[in-house]
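S.K.: please work out how this folds:
(chains A and B)
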Amino acid sequence: MKKPRFKTPTGTHDILPDDQPYFQKIYNVCENIASFYGFKKIDTPILEETELFSKGTGLTTDIVQKQMYVLKTKGGDYLTLRPEFTPGIVRAYIEHGMQSLPQPIKLYSFGPVFRYEHPQAGRYRQFHQFDIEVIGEESPVIDVQIINIFYNILKELKVKNLAVEINSIGDSQCRPYYKKLLANYLRSREGALCADCRRRIRENVLRVLDCKEEKCQRIVSQAPQIIDHLCEECHSHFKRVLEFLDEIEVPYRLNPYLVRGLDYYTKTIFEIFSEEKSKDESDTKDFPVKNALASGGRYDNLVKMLGGDNVKAVGCAMGVERVQSLMRTRGLQLKKQETYPVFFAQIGNLAKRKGLKLLEEFRGVKIPIAESLGKDSLKAQLGLADKVGAQYTLLVGQREALDGSIIIRDMKTGRQDTVKLDKVVKEIEKRLR
RNA sequence: GUCGCCAUAGCUCAACUGGCAGAGCGUUCCUUUGUGAAAGGAAUGGUUGGGGGUUCAAGUCCCCUUGGCGACCCCA
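M.R.: Model (predicted):
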(Lines give C-alpha, C1' and ligand atoms only; values in the text may rest on other atoms or scores of the structure.)
Protein backbone atom coordinates (compact mmCIF):
# COMPACT_ATOMS: atom_id res chain seq x y z
CA MET A 1 0.00 0.00 0.00
CA LYS A 2 1.31 3.38 -0.92
CA LYS A 3 1.50 6.09 1.67
CA PRO A 4 -1.62 8.22 1.44
CA ARG A 5 -0.91 11.41 -0.39
CA PHE A 6 -3.88 13.23 1.10
CA LYS A 7 -5.37 13.25 4.54
CA THR A 8 -8.13 15.09 6.35
CA PRO A 9 -7.19 18.68 7.16
CA THR A 10 -6.22 19.40 10.78
CA GLY A 11 -9.13 19.07 13.14
CA THR A 12 -11.49 17.49 10.62
CA HIS A 13 -12.44 13.85 10.50
CA ASP A 14 -14.26 11.29 8.40
CA ILE A 15 -17.42 9.82 9.80
CA LEU A 16 -16.79 6.25 8.70
CA PRO A 17 -19.43 3.58 8.17
CA ASP A 18 -18.74 2.22 11.66
CA ASP A 19 -19.46 5.66 13.16
CA GLN A 20 -22.69 6.16 11.27
CA PRO A 21 -24.95 4.10 13.55
CA TYR A 22 -23.97 6.43 16.39
CA PHE A 23 -24.73 9.58 14.45
CA GLN A 24 -27.96 8.03 13.24
CA LYS A 25 -28.99 7.06 16.75
CA ILE A 26 -28.14 10.48 18.17
CA TYR A 27 -30.02 12.19 15.40
CA ASN A 28 -33.08 9.96 15.80
CA VAL A 29 -33.29 10.52 19.54
CA CYS A 30 -32.85 14.28 19.14
CA GLU A 31 -35.44 14.47 16.42
CA ASN A 32 -38.01 12.35 18.27
CA ILE A 33 -37.75 14.29 21.48
CA ALA A 34 -37.65 17.69 19.78
CA SER A 35 -40.67 16.98 17.62
CA PHE A 36 -42.56 15.64 20.62
CA TYR A 37 -42.10 19.07 22.17
CA GLY A 38 -43.37 20.77 19.05
CA PHE A 39 -40.09 21.73 17.40
CA LYS A 40 -39.81 21.94 13.60
CA LYS A 41 -36.70 21.26 11.62
CA ILE A 42 -34.84 24.03 9.83
CA ASP A 43 -31.67 23.90 7.73
CA THR A 44 -29.79 27.12 7.17
CA PRO A 45 -26.73 27.58 4.94
CA ILE A 46 -23.35 26.59 6.26
CA LEU A 47 -22.13 29.91 4.87
CA GLU A 48 -23.48 33.21 6.13
CA GLU A 49 -22.38 36.80 5.75
CA THR A 50 -19.45 37.38 8.06
CA GLU A 51 -21.16 40.38 9.58
CA LEU A 52 -24.01 38.20 10.85
CA PHE A 53 -21.57 36.61 13.27
CA SER A 54 -19.51 39.66 14.13
CA LYS A 55 -22.76 41.47 15.02
CA GLY A 56 -24.59 38.46 16.42
CA THR A 57 -22.06 36.26 18.13
CA GLY A 58 -20.20 39.39 19.16
CA LEU A 59 -16.97 41.15 18.24
CA THR A 60 -15.32 40.59 21.58
CA THR A 61 -15.83 36.83 21.58
CA ASP A 62 -13.00 34.42 20.90
CA ILE A 63 -15.12 32.79 18.24
CA VAL A 64 -15.25 35.95 16.17
CA GLN A 65 -11.78 37.22 17.03
CA LYS A 66 -9.81 34.11 16.23
CA GLN A 67 -11.89 31.08 15.37
CA MET A 68 -13.84 31.88 12.23
CA TYR A 69 -13.23 30.51 8.76
CA VAL A 70 -13.75 33.65 6.71
CA LEU A 71 -13.56 33.58 2.95
CA LYS A 72 -13.87 36.20 0.27
CA THR A 73 -16.03 35.35 -2.70
CA LYS A 74 -15.20 36.20 -6.30
CA GLY A 75 -17.77 38.93 -6.03
CA GLY A 76 -15.91 40.43 -3.06
CA ASP A 77 -18.34 39.45 -0.30
CA TYR A 78 -17.09 38.09 2.97
CA LEU A 79 -18.72 34.83 3.99
CA THR A 80 -18.05 32.71 7.05
CA LEU A 81 -18.43 29.00 7.74
CA ARG A 82 -20.89 29.06 10.61
CA PRO A 83 -19.20 28.69 14.02
CA GLU A 84 -22.60 28.19 15.67
CA PHE A 85 -26.25 27.92 14.69
CA THR A 86 -28.04 30.69 16.54
CA PRO A 87 -27.31 33.75 14.37
CA GLY A 88 -28.25 31.90 11.19
CA ILE A 89 -31.53 30.70 12.63
CA VAL A 90 -32.36 34.15 13.97
CA ARG A 91 -31.58 35.57 10.53
CA ALA A 92 -34.00 33.07 9.00
CA TYR A 93 -36.65 34.03 11.56
CA ILE A 94 -36.34 37.69 10.61
CA GLU A 95 -35.87 37.16 6.88
CA HIS A 96 -38.99 35.02 6.54
CA GLY A 97 -41.18 37.16 8.73
CA MET A 98 -41.75 34.47 11.31
CA GLN A 99 -42.71 37.10 13.88
CA SER A 100 -46.13 37.19 12.22
CA LEU A 101 -46.68 33.48 12.80
CA PRO A 102 -48.09 32.23 16.11
CA GLN A 103 -45.33 32.64 18.71
CA PRO A 104 -43.13 31.15 19.87
CA ILE A 105 -41.29 29.65 16.91
CA LYS A 106 -39.63 26.42 17.99
CA LEU A 107 -36.89 25.21 15.70
CA TYR A 108 -34.20 22.57 15.67
CA SER A 109 -31.27 21.91 13.39
CA PHE A 110 -28.48 19.38 13.03
CA GLY A 111 -25.28 19.80 11.08
CA PRO A 112 -21.63 20.78 10.91
CA VAL A 113 -20.15 23.91 12.45
CA PHE A 114 -16.61 25.22 12.10
CA ARG A 115 -14.18 26.72 14.55
CA TYR A 116 -10.52 27.30 13.91
CA GLU A 117 -8.90 26.23 17.15
CA HIS A 118 -6.31 23.83 18.50
CA PRO A 119 -7.77 20.34 18.18
CA GLN A 120 -7.80 17.91 21.10
CA ALA A 121 -9.89 14.89 21.98
CA GLY A 122 -13.53 15.87 21.48
CA ARG A 123 -12.51 19.21 19.96
CA TYR A 124 -12.59 19.49 16.23
CA ARG A 125 -12.46 22.29 13.73
CA GLN A 126 -15.39 20.81 11.90
CA PHE A 127 -17.84 19.15 14.23
CA HIS A 128 -21.57 18.60 14.50
CA GLN A 129 -24.15 20.15 16.72
CA PHE A 130 -27.76 19.51 17.48
CA ASP A 131 -29.31 22.87 18.14
CA ILE A 132 -32.71 24.08 19.25
CA GLU A 133 -34.06 27.59 19.50
CA VAL A 134 -37.30 29.03 20.86
CA ILE A 135 -37.89 32.49 19.46
CA GLY A 136 -40.68 34.72 20.70
CA GLU A 137 -41.15 33.49 24.24
CA GLU A 138 -40.00 35.19 27.41
CA SER A 139 -41.50 32.93 30.04
CA PRO A 140 -38.89 31.22 32.23
CA VAL A 141 -40.76 27.96 31.85
CA ILE A 142 -39.36 27.62 28.34
CA ASP A 143 -35.79 27.97 29.62
CA VAL A 144 -36.46 24.98 31.79
CA GLN A 145 -38.16 23.03 29.06
CA ILE A 146 -35.05 23.36 26.92
CA ILE A 147 -32.83 22.12 29.73
CA ASN A 148 -35.25 19.27 30.20
CA ILE A 149 -35.13 18.36 26.52
CA PHE A 150 -31.35 18.12 26.40
CA TYR A 151 -31.18 16.33 29.71
CA ASN A 152 -33.61 13.74 28.41
CA ILE A 153 -31.86 13.35 25.08
CA LEU A 154 -28.59 12.60 26.89
CA LYS A 155 -30.32 10.30 29.32
CA GLU A 156 -31.95 8.38 26.52
CA LEU A 157 -28.56 8.04 24.85
CA LYS A 158 -27.39 6.45 28.10
CA VAL A 159 -24.78 9.06 28.89
CA LYS A 160 -23.71 8.57 32.51
CA ASN A 161 -23.21 11.03 35.39
CA LEU A 162 -25.08 13.97 33.95
CA ALA A 163 -24.94 17.27 35.75
CA VAL A 164 -26.61 20.58 34.96
CA GLU A 165 -25.10 23.87 36.05
CA ILE A 166 -27.07 27.05 35.84
CA ASN A 167 -26.62 30.74 36.46
CA SER A 168 -28.10 34.07 35.50
CA ILE A 169 -25.94 36.77 33.98
CA GLY A 170 -28.59 39.48 34.09
CA ASP A 171 -29.50 41.80 31.24
CA SER A 172 -28.67 45.27 29.97
CA GLN A 173 -30.38 46.70 33.07
CA CYS A 174 -28.28 45.08 35.74
CA ARG A 175 -25.23 43.49 34.15
CA PRO A 176 -23.34 46.71 33.39
CA TYR A 177 -23.66 47.73 37.00
CA TYR A 178 -22.50 44.36 38.23
CA LYS A 179 -19.59 44.38 35.81
CA LYS A 180 -18.50 47.74 37.19
CA LEU A 181 -18.83 46.42 40.71
CA LEU A 182 -16.81 43.34 39.89
CA ALA A 183 -14.17 45.31 38.02
CA ASN A 184 -13.76 47.68 40.96
CA TYR A 185 -13.37 44.78 43.34
CA LEU A 186 -10.85 43.04 41.09
CA ARG A 187 -8.87 46.17 40.41
CA SER A 188 -8.37 46.59 44.13
CA ARG A 189 -6.65 43.19 44.11
CA GLU A 190 -5.19 43.33 40.63
CA GLY A 191 -1.69 42.51 41.82
CA ALA A 192 -2.73 39.07 42.97
CA LEU A 193 -4.37 38.08 39.70
CA CYS A 194 -2.79 36.22 36.80
CA ALA A 195 -1.77 38.18 33.73
CA ASP A 196 -4.73 36.93 31.71
CA CYS A 197 -7.16 38.07 34.35
CA ARG A 198 -5.59 41.52 34.54
CA ARG A 199 -6.27 41.78 30.83
CA ARG A 200 -9.77 40.39 31.29
CA ILE A 201 -10.68 43.14 33.76
CA ARG A 202 -10.59 45.54 30.83
CA GLU A 203 -11.84 43.30 28.06
CA ASN A 204 -14.27 40.79 29.52
CA VAL A 205 -14.58 41.03 33.29
CA LEU A 206 -16.98 38.14 33.67
CA ARG A 207 -14.35 35.77 32.29
CA VAL A 208 -12.28 36.27 35.44
CA LEU A 209 -14.97 34.35 37.27
CA ASP A 210 -14.18 31.05 35.58
CA CYS A 211 -10.40 31.43 35.52
CA LYS A 212 -8.79 28.21 36.65
CA GLU A 213 -5.77 29.75 38.33
CA GLU A 214 -5.89 29.01 42.01
CA LYS A 215 -4.86 32.50 43.06
CA CYS A 216 -7.61 34.00 40.91
CA GLN A 217 -10.17 31.57 42.27
CA ARG A 218 -9.31 32.62 45.79
CA ILE A 219 -10.02 36.24 44.95
CA VAL A 220 -13.12 35.38 42.96
CA SER A 221 -14.58 33.43 45.84
CA GLN A 222 -14.73 36.69 47.84
CA ALA A 223 -16.04 38.71 44.91
CA PRO A 224 -19.58 40.04 44.66
CA GLN A 225 -21.86 37.52 42.99
CA ILE A 226 -24.13 38.47 40.16
CA ILE A 227 -27.18 36.75 41.59
CA ASP A 228 -27.06 39.26 44.47
CA HIS A 229 -27.13 42.15 42.01
CA LEU A 230 -29.76 41.18 39.48
CA CYS A 231 -32.42 43.74 38.69
CA GLU A 232 -35.96 43.06 39.77
CA GLU A 233 -36.98 41.50 36.47
CA CYS A 234 -33.94 39.25 36.09
CA HIS A 235 -34.15 38.22 39.70
CA SER A 236 -37.74 37.12 39.44
CA HIS A 237 -37.08 35.40 36.12
CA PHE A 238 -34.24 33.41 37.62
CA LYS A 239 -36.22 32.58 40.71
CA ARG A 240 -38.99 31.18 38.59
CA VAL A 241 -36.53 29.22 36.46
CA LEU A 242 -35.25 27.54 39.61
CA GLU A 243 -38.79 26.85 40.79
CA PHE A 244 -39.65 25.16 37.52
CA LEU A 245 -36.41 23.23 37.65
CA ASP A 246 -37.34 21.89 41.07
CA GLU A 247 -40.57 20.67 39.56
CA ILE A 248 -38.94 18.33 37.02
CA GLU A 249 -36.61 15.44 37.66
CA VAL A 250 -33.45 17.18 36.52
CA PRO A 251 -30.68 17.44 39.09
CA TYR A 252 -28.96 20.80 38.82
CA ARG A 253 -26.69 23.04 40.78
CA LEU A 254 -26.23 26.74 40.89
CA ASN A 255 -22.85 27.92 39.71
CA PRO A 256 -22.49 31.64 40.36
CA TYR A 257 -19.24 31.66 38.37
CA LEU A 258 -20.67 30.14 35.21
CA VAL A 259 -20.27 32.60 32.33
CA ARG A 260 -20.49 32.15 28.59
CA GLY A 261 -18.24 33.05 25.72
CA LEU A 262 -20.95 34.63 23.64
CA ASP A 263 -22.01 38.25 23.95
CA TYR A 264 -25.68 37.88 23.32
CA TYR A 265 -26.68 35.89 26.36
CA THR A 266 -29.01 37.44 28.92
CA LYS A 267 -30.50 36.07 32.11
CA THR A 268 -30.44 32.26 32.13
CA ILE A 269 -27.34 30.38 31.05
CA PHE A 270 -26.61 26.71 31.60
CA GLU A 271 -24.34 23.84 30.69
CA ILE A 272 -24.85 20.10 30.80
CA PHE A 273 -21.86 17.92 31.63
CA SER A 274 -20.93 14.33 32.00
CA GLU A 275 -18.67 14.11 35.03
CA GLU A 276 -15.80 11.71 35.50
CA LYS A 277 -13.61 11.21 38.50
CA SER A 278 -10.14 12.45 37.86
CA LYS A 279 -7.84 9.63 36.80
CA ASP A 280 -4.78 11.53 37.88
CA GLU A 281 -3.76 10.14 41.28
CA SER A 282 -1.49 13.09 42.01
CA ASP A 283 -4.52 15.35 41.72
CA THR A 284 -5.43 15.69 45.34
CA LYS A 285 -8.33 18.02 44.72
CA ASP A 286 -11.39 15.91 44.09
CA PHE A 287 -12.63 18.08 41.26
CA PRO A 288 -14.35 15.82 38.79
CA VAL A 289 -13.38 16.13 35.15
CA LYS A 290 -16.21 17.96 33.48
CA ASN A 291 -17.08 17.09 29.94
CA ALA A 292 -19.30 19.81 28.48
CA LEU A 293 -21.86 18.20 26.19
CA ALA A 294 -24.46 20.88 25.71
CA SER A 295 -24.83 24.49 26.63
CA GLY A 296 -27.11 27.38 26.00
CA GLY A 297 -29.09 30.21 27.43
CA ARG A 298 -31.45 33.06 26.88
CA TYR A 299 -30.72 35.81 24.36
CA ASP A 300 -33.37 38.45 24.66
CA ASN A 301 -31.57 41.15 22.66
CA LEU A 302 -30.20 39.23 19.70
CA VAL A 303 -33.22 39.35 17.40
CA LYS A 304 -33.42 43.10 17.78
CA MET A 305 -29.66 43.46 17.37
CA LEU A 306 -29.83 41.66 14.05
CA GLY A 307 -32.56 43.95 12.79
CA GLY A 308 -35.71 42.17 13.90
CA ASP A 309 -38.43 43.13 16.34
CA ASN A 310 -37.86 43.19 20.07
CA VAL A 311 -38.36 39.45 20.43
CA LYS A 312 -37.07 37.33 23.31
CA ALA A 313 -35.53 33.93 22.72
CA VAL A 314 -33.64 31.04 24.26
CA GLY A 315 -31.66 28.16 22.78
CA CYS A 316 -29.12 25.41 23.33
CA ALA A 317 -26.65 23.35 21.33
CA MET A 318 -25.17 19.91 21.89
CA GLY A 319 -21.83 18.60 20.58
CA VAL A 320 -22.51 15.41 18.66
CA GLU A 321 -18.95 14.06 18.53
CA ARG A 322 -18.55 14.49 22.28
CA VAL A 323 -21.72 12.54 22.91
CA GLN A 324 -20.66 9.89 20.43
CA SER A 325 -17.29 9.47 22.09
CA LEU A 326 -18.95 8.94 25.49
CA MET A 327 -21.40 6.46 24.00
CA ARG A 328 -18.52 4.49 22.55
CA THR A 329 -16.51 4.33 25.74
CA ARG A 330 -19.05 4.17 28.55
CA GLY A 331 -22.55 4.31 27.17
CA LEU A 332 -24.70 2.71 24.59
CA GLN A 333 -22.87 0.20 22.41
CA LEU A 334 -24.34 -0.08 18.95
CA LYS A 335 -24.06 -2.85 16.45
CA LYS A 336 -21.34 -2.29 13.92
CA GLN A 337 -23.06 -3.64 10.88
CA GLU A 338 -26.61 -3.88 9.74
CA THR A 339 -27.57 -7.46 9.05
CA TYR A 340 -29.24 -8.96 6.05
CA PRO A 341 -31.63 -11.85 6.59
CA VAL A 342 -31.07 -13.21 3.09
CA PHE A 343 -28.07 -13.62 0.82
CA PHE A 344 -28.11 -14.42 -2.88
CA ALA A 345 -25.29 -16.60 -4.19
CA GLN A 346 -24.73 -17.62 -7.78
CA ILE A 347 -22.51 -19.59 -10.09
CA GLY A 348 -22.26 -18.65 -13.72
CA ASN A 349 -23.54 -15.97 -16.02
CA LEU A 350 -27.08 -17.21 -16.42
CA ALA A 351 -27.44 -17.37 -12.63
CA LYS A 352 -26.15 -13.81 -12.29
CA ARG A 353 -28.81 -12.67 -14.74
CA LYS A 354 -31.54 -14.42 -12.80
CA GLY A 355 -30.13 -12.88 -9.64
CA LEU A 356 -30.39 -9.33 -10.94
CA LYS A 357 -34.12 -9.83 -11.46
CA LEU A 358 -34.62 -11.67 -8.19
CA LEU A 359 -33.07 -8.83 -6.20
CA GLU A 360 -35.70 -6.48 -7.58
CA GLU A 361 -38.44 -8.81 -6.42
CA PHE A 362 -37.03 -8.81 -2.90
CA ARG A 363 -36.79 -5.05 -2.94
CA GLY A 364 -40.44 -5.03 -3.92
CA VAL A 365 -41.42 -6.89 -0.75
CA LYS A 366 -38.89 -4.92 1.33
CA ILE A 367 -36.77 -7.84 2.43
CA PRO A 368 -33.11 -6.80 2.60
CA ILE A 369 -31.01 -9.16 0.54
CA ALA A 370 -27.27 -9.03 0.19
CA GLU A 371 -25.27 -10.36 -2.74
CA SER A 372 -21.88 -10.42 -4.30
CA LEU A 373 -22.65 -10.80 -7.97
CA GLY A 374 -19.12 -9.91 -8.91
CA LYS A 375 -17.64 -12.92 -7.16
CA ASP A 376 -17.42 -16.31 -8.87
CA SER A 377 -16.30 -18.48 -5.97
CA LEU A 378 -19.22 -19.97 -4.10
CA LYS A 379 -17.02 -20.39 -1.06
CA ALA A 380 -16.32 -16.69 -0.93
CA GLN A 381 -19.99 -15.89 -1.36
CA LEU A 382 -21.05 -18.12 1.51
CA GLY A 383 -18.35 -16.61 3.64
CA LEU A 384 -19.85 -13.22 2.96
CA ALA A 385 -23.34 -14.52 3.69
CA ASP A 386 -22.07 -15.60 7.06
CA LYS A 387 -20.47 -12.24 7.68
CA VAL A 388 -23.62 -10.23 7.00
CA GLY A 389 -25.55 -12.55 9.31
CA ALA A 390 -27.84 -14.09 6.70
CA GLN A 391 -30.37 -16.64 7.97
CA TYR A 392 -30.93 -18.00 4.47
CA THR A 393 -28.75 -18.14 1.42
CA LEU A 394 -30.46 -18.48 -1.94
CA LEU A 395 -28.30 -20.39 -4.35
CA VAL A 396 -28.58 -20.56 -8.13
CA GLY A 397 -25.99 -22.63 -9.97
CA GLN A 398 -25.82 -23.70 -13.60
CA ARG A 399 -28.35 -26.50 -13.09
CA GLU A 400 -30.87 -24.38 -11.19
CA ALA A 401 -30.55 -21.55 -13.65
CA LEU A 402 -31.46 -23.91 -16.46
CA ASP A 403 -34.44 -25.63 -14.86
CA GLY A 404 -35.82 -22.53 -13.13
CA SER A 405 -35.27 -23.60 -9.55
CA ILE A 406 -33.37 -22.23 -6.59
CA ILE A 407 -31.82 -23.71 -3.45
CA ILE A 408 -32.73 -22.27 -0.07
CA ARG A 409 -29.98 -22.96 2.42
CA ASP A 410 -30.73 -22.52 6.10
CA MET A 411 -27.48 -21.11 7.40
CA LYS A 412 -27.99 -22.35 10.92
CA THR A 413 -28.91 -25.97 10.26
CA GLY A 414 -27.27 -26.38 6.87
CA ARG A 415 -30.46 -27.88 5.48
CA GLN A 416 -31.17 -27.16 1.82
CA ASP A 417 -34.47 -27.22 -0.05
CA THR A 418 -34.96 -26.71 -3.75
CA VAL A 419 -37.99 -24.68 -4.79
CA LYS A 420 -39.25 -23.10 -7.98
CA LEU A 421 -37.61 -19.78 -8.69
CA ASP A 422 -40.93 -17.96 -8.94
CA LYS A 423 -42.02 -19.29 -5.54
CA VAL A 424 -38.92 -18.31 -3.60
CA VAL A 425 -39.98 -14.81 -2.55
CA LYS A 426 -43.22 -16.14 -1.03
CA GLU A 427 -41.36 -18.98 0.65
CA ILE A 428 -38.79 -16.67 2.23
CA GLU A 429 -41.48 -14.26 3.36
CA LYS A 430 -43.16 -17.19 5.09
CA ARG A 431 -39.99 -18.43 6.72
CA LEU A 432 -38.94 -15.02 8.01
CA ARG A 433 -42.29 -14.42 9.63
C1' G B 1 -1.22 31.80 19.62
C1' U B 2 2.07 29.36 24.07
C1' C B 3 4.16 24.83 26.45
C1' G B 4 4.75 19.37 27.01
C1' C B 5 4.25 14.04 25.37
C1' C B 6 3.74 10.93 21.22
C1' A B 7 3.92 9.04 15.77
C1' U B 8 6.41 1.56 13.51
C1' A B 9 1.74 -2.96 8.28
C1' G B 10 -5.49 -1.49 7.04
C1' C B 11 -6.17 -2.05 12.99
C1' U B 12 -3.76 -3.10 18.08
C1' C B 13 1.07 -3.11 19.40
C1' A B 14 6.62 -5.42 19.84
C1' A B 15 11.88 -4.42 18.55
C1' C B 16 17.79 -4.19 24.90
C1' U B 17 22.55 0.71 25.80
C1' G B 18 22.23 2.99 18.40
C1' G B 19 23.35 -3.25 15.53
C1' C B 20 19.10 -8.12 10.19
C1' A B 21 11.95 -4.04 11.09
C1' G B 22 8.45 -8.34 13.96
C1' A B 23 3.67 -10.53 16.12
C1' G B 24 -1.55 -10.82 16.64
C1' C B 25 -5.96 -9.33 14.21
C1' G B 26 -7.75 -8.22 9.23
C1' U B 27 -7.72 -9.20 3.92
C1' U B 28 -6.93 -12.87 -0.21
C1' C B 29 -5.91 -17.80 -1.47
C1' C B 30 -5.09 -23.21 -0.46
C1' U B 31 -6.40 -27.93 2.26
C1' U B 32 -12.46 -28.73 -0.44
C1' U B 33 -12.71 -25.97 -8.73
C1' G B 34 -21.14 -26.44 -6.46
C1' U B 35 -21.36 -24.96 -0.14
C1' G B 36 -19.88 -20.38 5.30
C1' A B 37 -18.70 -20.40 10.77
C1' A B 38 -13.90 -24.79 13.20
C1' A B 39 -8.75 -26.25 12.30
C1' G B 40 -4.22 -26.13 9.62
C1' G B 41 -1.17 -23.89 5.76
C1' A B 42 0.38 -19.87 2.52
C1' A B 43 0.32 -15.07 0.57
C1' U B 44 -0.49 -9.92 1.26
C1' G B 45 0.99 -5.96 3.77
C1' G B 46 6.52 -0.80 5.63
C1' U B 47 10.80 4.92 2.25
C1' U B 48 9.41 3.23 10.85
C1' G B 49 4.51 10.52 9.33
C1' G B 50 7.84 13.94 6.01
C1' G B 51 12.72 16.55 5.46
C1' G B 52 17.64 17.30 7.11
C1' G B 53 21.86 16.11 10.50
C1' U B 54 25.35 13.02 13.81
C1' U B 55 27.41 7.90 13.17
C1' C B 56 30.91 2.39 10.39
C1' A B 57 25.63 1.76 11.62
C1' A B 58 19.43 5.52 13.30
C1' G B 59 12.61 3.07 14.39
C1' U B 60 16.04 4.46 18.51
C1' C B 61 20.23 10.46 19.24
C1' C B 62 19.86 16.02 17.39
C1' C B 63 17.26 19.95 14.41
C1' C B 64 13.08 21.37 11.35
C1' U B 65 8.17 20.19 9.74
C1' U B 66 3.23 17.79 9.63
C1' G B 67 -0.38 15.35 12.46
C1' G B 68 -2.49 13.33 17.04
C1' C B 69 -2.96 13.66 22.34
C1' G B 70 -2.54 16.66 26.86
C1' A B 71 -1.98 21.49 29.62
C1' C B 72 -3.03 26.78 28.66
C1' C B 73 -6.52 30.15 25.87
C1' C B 74 -11.33 28.90 25.01
C1' C B 75 -15.26 25.85 24.12
C1' A B 76 -19.77 21.56 22.00
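
S.K.: separation between residue A:348 and residue A:214?
M.R.: 77 Å (C-beta to C-beta, to the nearest Å). For glycine as for every other residue, the C-beta is placed from the backbone atoms N, C-alpha and C.

S.K.: which SS class is residue A:270?
M.R.: strand (DSSP: H, G, I helix; E, B strand; the rest coil).

S.K.: leaving out chain neighbours, which residue sits closest to residue A:11?
M.R.: residue A:125 (3.0 Å; C-beta to C-beta, 6 or more residues apart in numbering).

S.K.: wait, the one you found touches residue A:112, no?
M.R.: No - counting by C-beta atoms under 8 Å, residue A:125 does not reach residue A:112; the two are 10.2 Å apart.

S.K.: these two: who's more crowded?
M.R.: Neighbour totals were compared for residue A:125 and residue A:112, and residue A:125 leads with 20 against 14 (other C-beta atoms under 10 Å).

S.K.: got the contact list for that one?
M.R.: By C-beta atoms under 8 Å, 6 or more residues apart in numbering, the contact list for residue A:125 reads A:9-12, A:114-117, A:119.

S.K.: next one, pLDDT for the residue nearest to residue A:11 please.
M.R.: On the pLDDT scale, residue A:125 is placed at 95.

S.K.: give me phi/psi at it?
M.R.: phi -90, psi -30 (degrees, to the nearest 10).

S.K.: tell me how far it lies from residue A:10.
M.R.: Taken as C-beta to C-beta, the span from residue A:125 to residue A:10 is 7 Å.

S.K.: got any residues that touch both of these two?
M.R.: Common neighbours of residue A:125 and residue A:10 (C-beta under 8 Å, 6+ apart) are residue A:119.

S.K.: show me chain A divided up by domain.
M.R.: Taking automatic domain parsing as the criterion, chain A consists of the domains A:20-174+A:230-330, A:342-432.

S.K.: winner for burial among these?
M.R.: domain A:20-174+A:230-330 (a mean of 18; mean count of other C-beta atoms under 10 Å).

S.K.: first to last residue in that domain, what's the distance?
M.R.: The first and final residues of domain A:20-174+A:230-330 sit 18 Å from each other (C-alpha to C-alpha, to the nearest Å).

S.K.: which phi and psi does the residue in the stretch 201-350 of chain A that RNA strand B sits nearest to have?
M.R.: Nearest residue of the stretch 201-350 of chain A to RNA strand B: residue A:261, at 1.0 Å (C-beta to the nearest atom of the strand). In terms of degrees, to the nearest 10, the main-chain angles of residue A:261 are phi -80, psi -10.

S.K.: let's see the pLDDT reported for it.
M.R.: The model's pLDDT for residue A:261 equals 73.

S.K.: ok, it touching residue A:63?
M.R.: Yes - if you go by C-beta under 8 Å, residue A:261 and residue A:63 touch, sitting 6.7 Å apart.

S.K.: so residue A:112 touches residue A:126, yeah?
M.R.: Yes - counting by C-beta under 8 Å, residue A:112 does reach residue A:126; the two are 5.4 Å apart.

S.K.: so when I look at residue A:18, I'm seeing a strand, right?
M.R.: No - per three-state DSSP, residue A:18 lies outside any strand segment and is coil.

S.K.: distance-wise, check it relative to RNA strand B.
M.R.: According to C-beta to the nearest atom of the strand, to the nearest Å, residue A:18 stands 11 Å off from RNA strand B.

S.K.: rounded mean pLDDT for the helix or strand containing residue A:407, please.
M.R.: According to DSSP states H and E, residue A:407 maps onto strand A:405-410. Averaged across strand A:405-410, pLDDT comes to 95.

S.K.: who touches it?
M.R.: Outside strand A:405-410, the residues touching it (C-beta under 8 Å, 6+ apart) are A:358, A:391-397, A:399-400, A:415-421, A:424, A:427-428, A:431.

S.K.: now it: how far from the chain's centre is it?
M.R.: Taking C-alpha atoms, centre = their mean, to the nearest Å, one finds strand A:405-410 lying 46 Å from the centre of the chain it belongs to.

S.K.: stretch A:80-99 now?
M.R.: 18 Å.

S.K.: can you check stretch A:377-394 too?
M.R.: 37 Å.

S.K.: mind listing what residue A:34 touches?
M.R.: Contacts of residue A:34 by C-beta under 8 Å, 6+ apart are A:108, A:132, A:149.

S.K.: pLDDT for those - can I get that in a markdown table?
M.R.: Listed next are the contacts of residue A:34 as a markdown table, based on pLDDT from 0 to 100:
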| residue | pLDDT |
| --- | --- |
| A:108 | 98 |
| A:132 | 97 |
| A:149 | 97 |
